[in-house]
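**Student:** here is a sequence together with a model predicted from it:
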Amino acid sequence: MSTTIEHRLGALPWLIWVLGAALYSYGFFQRVAPSVMVEDLMREFTVTAAVLGHLSAFYFYAYAGLQIPLGVLLDRLGPRRVMTASALTAATGSLLFSAAHDLPLAYLGRFLIGAGVAVGLIGSLKLIMVWFPARRFATVAGLTTLVGTLGGVIAQAPLAAAVEAAGWRPLMVGAAAISFILAALLWLVVRDASTTGGSAAQVAAPRVRTALKAILTNRQVWLLGAISGLVGGPSIALASLWGVPFVMTTYGITRPAAGGVMSVLLVGMALGGPLVGWISDTISLRKPPVIGSAVVCLGAWLFILFLPAPPMALVNGLLFILGLATGGFIVNFALAREFNAPSLGGTAVGVVNTMVIGSVALMQPLVGTLLDVMWDGRMEAGIRAYDSTMFHAAFLVLPVCAAVGLALSLFLRESHARQQVDAVPALNR
């Protein structure tokens, strides 16, 4: 194309993208919010670390389980209806969670929140496929992670201070109101196809069974999902639940201060997406950024866990580097797009994201279970107390995962930032 879609349509593609990214940002806020409510939730529902891990993970169970169905729906129905309905579902879940006084209702609320925001990233990526030229995909996708991760930053120090001032229940009611407003804006503004004919991604959608077979028999898709989940999943698990109590226990600081420390990780993620995406688009290579990100993630984890009593400034630096490298895995979604037919873009991204979020859903209760196994029976303020040694031991599973992911990244093929599968004629028969 000699003239890009966004040049011809002015600000509309960017406005549509902003709303998609806003839903992803809202989902990131809800994902990370429990990390500054750990003590409140353990006390409110009288639960152990393992049970709290499951409560938080109910978000991820729904999120991971819906990635493939939502990817199919995005390809077949378009983002507008799917994303609007999803925002309404998230709002309902937030209201239920705010009103929960027992675990079953809390589980349901977190599950509906996860189900509602599950479309945030893959829906935004689908909008990019439709409204932007392919050569901009990794860059704009990286900007999406930047906007999305800002929601997680808000859910750290600012939310921690708000929880201490007003309690967690009113804040969840406010979060529900925001999601209702976002649903209305998505319905009013988002369009499923460019009025000038759209991008190359807009071709006839294949049958669901045929589409899934094409993707699930693609070895590169499985590699991309495994690498992203094993290397990026530990950082998300840290940010979304266990990071704040870990920092509070290790450094004896307040909850808002610990939230500020974890915000450094999220800021790194926010910047890493567009930075590594831009580098990948500029050099027209995908594999080196993926391997480099995995190496940096593993190194950062080893320094964080094995340096004896590192000063807080160094911890902040390491968390920022870990975040940068984790954000760089946005390139994997570009690869998922390039290794599949354009009409399967949403579904392919959904498959990869299923494995990423699924890994976090497993890691959160796993870390909680390890903490409970090492618990020495000490209680503080009516809840179990876990010391720094216990956290360090429980976290050892995280760099092991990163090491396995790094090894797998060596087997990726290079796409040279070009569509490797232009069309699959049999898909539409």
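**Tutor:** That came through, no problem. All of these numbers come straight from a predicted model, not from anything done at the bench.

**Student:** hmm, residue 234 is touching residue 398, no?
**Tutor:** Yes - the criterion here is CB atoms under 8 Å, and residue 234 meets it with residue 398 at 3.7 Å. No exception for glycine: its C-beta is placed from N, CA and C like everyone else's.

**Student:** quick one: which of those two has more around it?
**Tutor:** residue 234 (27 against 24; other CB atoms under 10 Å).

**Student:** distance-wise, check the more buried one relative to residue 338.
**Tutor:** 26 Å (CB to CB, to the nearest Å).

**Student:** got it, and residue 282?
**Tutor:** 16 Å.

**Student:** compare neighbour counts for those two and give me the winner.
**Tutor:** Taking other CB under 10 Å, residue 282 and residue 338 do not tie; residue 338 has more neighbours (23 against 11).

**Student:** phi and psi next, for the more buried one.
**Tutor:** Torsion angles at residue 338 (phi, psi; degrees, to the nearest 10) stand at phi -70, psi -20.

**Student:** same check on residue 384?
**Tutor:** Dihedral pair for residue 384: phi -60, psi 140, per degrees, to the nearest 10.

**Student:** that one - how many residues pack around it?
**Tutor:** 17.

**Student:** go on, the one 10 residues further on?
**Tutor:** Other residues within reach of residue 394 by the criterion other CB under 10 Å amount to 22.

**Student:** nearest residue to residue 327 in space, please, no chain neighbours.
**Tutor:** Spatial nearest neighbour of residue 327, excluding adjacent residues (CB to CB, 6 or more residues apart in numbering): residue 272 at 2.5 Å.

**Student:** contacting residues for that neighbour?
**Tutor:** The contact partners of residue 272, by CB atoms under 8 Å, 6 or more residues apart in numbering, come to 142, 145, 293, 323-328, 330.

**Student:** do residue 173 as well
**Tutor:** Under the criterion of CB under 8 Å, 6+ apart, the neighbours of residue 173 are 94-95, 98.

**Student:** buried sites along the one helix or strand residue 346 maps to?
**Tutor:** Using DSSP states H and E, residue 346 maps to helix 345-374. By neighbour count with 16 or more other CB atoms under 10 Å, helix 345-374 contains the buried residues 345-372.

**Student:** can you give me the mean pLDDT across that helix?
**Tutor:** Average pLDDT, helix 345-374: 88.

**Student:** the helices in the stretch 51-200 of the chain, which residues?
**Tutor:** 79-99, 103-117, 120-131, 137-154, 157-166, 168-189 (DSSP state H, counting those that start in this stretch).

**Student:** turn these into a markdown table, including mean pLDDT and distance to residue 19.
**Tutor:** Formatted as a markdown table, these follow (pLDDT from 0 to 100; distance: least, CB to CB, whole Å):
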| stretch | mean pLDDT | distance to residue 19 |
| --- | --- | --- |
| helix 79-99 | 97 | 8 |
| helix 103-117 | 96 | 14 |
| helix 120-131 | 89 | 9 |
| helix 137-154 | 86 | 11 |
| helix 157-166 | 91 | 22 |
| helix 168-189 | 96 | 5 |
